[in-house]
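>>> Fold the following, please.
(2 chains)
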Amino acid sequence: MAHAASQVASDVEGSPRGAAIRLRGLRKEFGSVVAVDLVDLDVEDGEFLTMLGPSGSGKTTVLRMIAGFVIPTAGRVELGGVDVTARPPFDRDVNTVFQDYALFPHMSVQENVEYGMRVRNVERGQRRRRAVEALDSVQLGGYGARRPSELSGGQRQRVALARALVNRPKVLLLDEPLGALDLKLREQMQVELKGIQRQVGITFVFVTHDQQEALTMSDRIAVFHDGRIEQVGPPAEVYERPATEFVAGFVGTSNLLRGAAARTVLGRDGIWSVRPEKIRVLDPGGVAETGLRFADGVVREVVYVGDVTRFVVELDAGGELVALQQNLHTSSSDVLAFRGRAVRLVWRPEHEFEVGAGTAGSPPAGGA
Amino acid sequence: MTETSTGGKGAPATRRLSAFLYRHDRLRLAGLLTPPILWLVVLYIGSLGVMLVSSLWGVDSFTGSLVKKVSWSNYHTLFTEPVYRTVALRTLGIAISVTLIDLVLALPLAFFISKVVQGRRWRYALLIMVTMPLWASYLVKGYAWRIMFDKGGVIDWMFAPLGLHGPGLGLTATVVALAYLWLPYMVLPIYAGLERLPESLLEASADLGASPLRTLRSVVFPLLVPSVVAGSIFTFSLTLGDYIMVKIVGGTTQMFANIVYDNVGVAGNLPFAAAAAVFPIVVILGYLLAVRRSGALENL
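Okay, the predicted model is just below:
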């Protein structure tokens, strides 16, 4: 095949088709601090990939290395199979939506959107037309003459998106673009962004520290921790089967059973976890159907959230579990009365998973 | 116990005063603004007004005493005597040259300090170095330039291998020395403007395909216009008002402020000096109006 031939021809063209972005052994040091270490990642054409992690985990640095703002200390960045590691940002077919939007304050909205085409000498009429189309597609038709300072945060966000998308890049990089918006607007923009991505079919790389955002929008999530990728996978996999203790804790509530607690409740060694929404809260001695797992304890804390209630239960066997219950029939006064009460927590064994802390490595059946 | 009571006695009084001022915000504003307004109105605008009024007076040519009769004769003389027009145009030329030289030097320098230098320590060190010329006495700097420009000075020596002479004392020396003197006043506002310029704007420009030169032209310069205006007002007005440097390094060259100086001192014609002093004010006002009309300040 063609790519086999090109592989022989040069190392640069060696990537198989389909990988919009290919990172190999990426490393970045700032002085004595290693911000990113040994990151390998393939992002497919048309994929919505989210880089999720706490601040300082290296996700933004990786994004900036893809954009070309940061030069890696070691490793390689390939875009569409071409090594671009040494290329400056203006020589890469990617566009970025910045966290602070970075709209040019001295230009109108229209001029902002046209900027990329203007510097690439796209003919004036075409430039105009495409910018108007792009603004229409983010529901900002008719806003072209305004200054960025006359727009709301959500509108600026859309202009930044239009300004990037109008250049039809192969890859769109989004650096926590929704961080500055309030919750309602953020949820609305999440849906819109996902819709736009599906429509234009461009590869999106989205950086966030918000696990909810990552879970709702992504085709795949790469979880970052201390400059490394801990796990890459579809949202359900990352959530239901976290590969490490960090991922279990960062994506969702960690809810760990370990040591004596794990042995008493599960009859096994290792570190285990159950997601809070998989656990039911029953009266002590309540139904113990065969095949169900249960643990007794005392409710230490009740948090009424409106649609759900969060119970923090201190287990008799040691440790704590959080259980989430939908408020189907209960009101806040009902659930708050649970504080200090003895309860039984029940869940299905298939919902518990071992959290490989990267040490024991024993399969689920090993300790039983 | 006694200690707390003495400490407590002062505290409630100041607290009561604070609370009183908190409730009466007009009084608070008055307390805040009275000293600067007094300073501005009485000392600054007041003396400016006196100067403008006295520029319409005259001096008895025989006795040399002040004649408080309003007439435009001083301005008439200023406009019709060719000498004054020549000196005015020369002064304007010097001010424009000094401003342009400082601009050309300050832009890359400020950009380097603000955007290229890594680490706060180096940045501050460089900023201090930029302001260092302000620490030395004006006269010391003036005479240093005179020695350098004078016959057989460093500048002659530098030109010697090319078979040329230095420009000597005169117009060129005046421009160079003044540009040197006012450079910090151009660097600092531009540096401040660059500091206010978010890094992400430069990145966004590069991200959208603009080369560094294009980014400079389309993003950095337009956003720096207010800073450049601020800096140029300094260099411009300081040059317009200067009469010492030209005496030290200018040879026989005269600047407009020398007319003011000579009429105050030698000729004793204060009304004419006042009329001459209006010239730089008019020039600066004209410059500000032109800047405003260009719309360069509207993007802030």
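
>>> Just to check, residue B:212 is in contact with residue B:203?
No - applying C-beta atoms under 8 Å, one finds residue B:212 not in contact with residue B:203, separated by 11.6 Å. No exception for glycine: its C-beta is placed from N, CA and C like everyone else's.

>>> for the stretch 51-200 of chain B, what spans make up the helices?
B:73-80, B:82-111, B:120-131, B:138-149, B:154-159, B:171-196, B:199-207 (DSSP state H, counting those that start in this stretch).

>>> so which of those comes closest to residue A:204?
Residue A:204 lies closest to helix B:199-207 among the helices of the stretch 51-200 of chain B, at 15.3 Å (C-beta to C-beta).

>>> count of neighbours near residue 270?
Looking at chain A here, since you left the chain open. Close neighbours of residue A:270, defined as other C-beta atoms under 10 Å in any protein chain shown, add up to 22.

>>> think we crossed wires, I meant chain B
Neighbour number of residue B:270 under other C-beta under 10 Å is 17.

>>> With residue B:124 instead?
Neighbour count for residue B:124, taken as other C-beta under 10 Å: 12.

>>> again with residue A:350
9.

>>> That one and chain B, how far apart?
From residue A:350 over to chain B the distance is 47 Å, taken as C-beta to the nearest C-beta, to the nearest Å.

>>> just to revisit the earlier point, which one of residue B:212 and residue B:203 has more residues nearby?
residue B:203 (19 against 13).

>>> what's the closest non-adjacent residue to the more buried one?
residue A:69 (5.4 Å; C-beta to C-beta, 6 or more residues apart in numbering or on different chains).

>>> low-confidence ranges in the stretch 1-150 of chain A?
Filtered on pLDDT under 70, the stretch 1-150 of chain A yields the residue ranges A:1-18.

>>> Strands of the stretch 151-300 of chain A, start to end?
With DSSP state E, counting those that start in this stretch, the ranges of strands along the stretch 151-300 of chain A come out as A:171-175, A:203-208, A:220-225, A:228-233, A:256-257, A:272-274, A:280-282, A:293-304.

>>> looking at these, which is closest to residue A:351?
For the strands of the stretch 151-300 of chain A, the distance to residue A:351 is smallest for strand A:272-274, at 5.6 Å, taking C-beta to C-beta.

>>> Which neighbouring elements make contact with that closest one?
strand A:256-257, strand A:352-354 (3 or more C-beta pairs under 8 Å, 6 or more residues apart in numbering or on different chains; DSSP states H and E).

>>> Now tell me what touches that strand from outside.
A:242, A:248, A:254-258, A:262, A:266, A:321, A:347, A:351-355 (C-beta atoms under 8 Å, 6 or more residues apart in numbering or on different chains).

>>> again, only using 6 Å
For strand A:272-274, contacts defined as C-beta atoms under 6 Å, 6 or more residues apart in numbering or on different chains pick out A:248, A:255, A:256, A:257, A:262, A:266, A:347, A:351, A:352, A:353, A:354, A:355.

>>> So residue A:25 lies in a strand, does it not?
Yes - counting by DSSP: H, G, I helix; E, B strand; the rest coil, residue A:25 is part of a strand.

>>> isn't there a strand covering residue A:325?
Yes - according to three-state DSSP, residue A:325 belongs to a strand.

>>> residues near residue A:309, how many?
Neighbours of residue A:309 (other C-beta under 10 Å): 22.

>>> which SS state does the closest residue to it other than its chain neighbours fall under?
Spatially, and ignoring its direct neighbours in sequence, residue A:309 is nearest to residue A:335 (4.4 Å; C-beta to C-beta, 6+ apart). Recorded secondary structure, residue A:335: helix (three-state DSSP).

>>> residues contacting residue A:335?
Contact analysis of residue A:335 by C-beta under 6 Å, 6+ apart lists A:302, A:304, A:309.

>>> same deal with residue A:185?
residue A:154.

>>> can you do 8 Å?
A:153, A:154.

>>> where does the stretch 201-350 of chain A have low pLDDT?
In the stretch 201-350 of chain A (pLDDT under 70), the answer is A:287-288.

>>> How much space separates the most centrally placed residue in chain B from residue B:228?
The centroid of chain B falls nearest to residue B:234 when counting by C-alpha atoms, centre = their mean (2.2 Å). Relative to residue B:228, residue B:234 is positioned 11 Å away (C-beta to C-beta, to the nearest Å).
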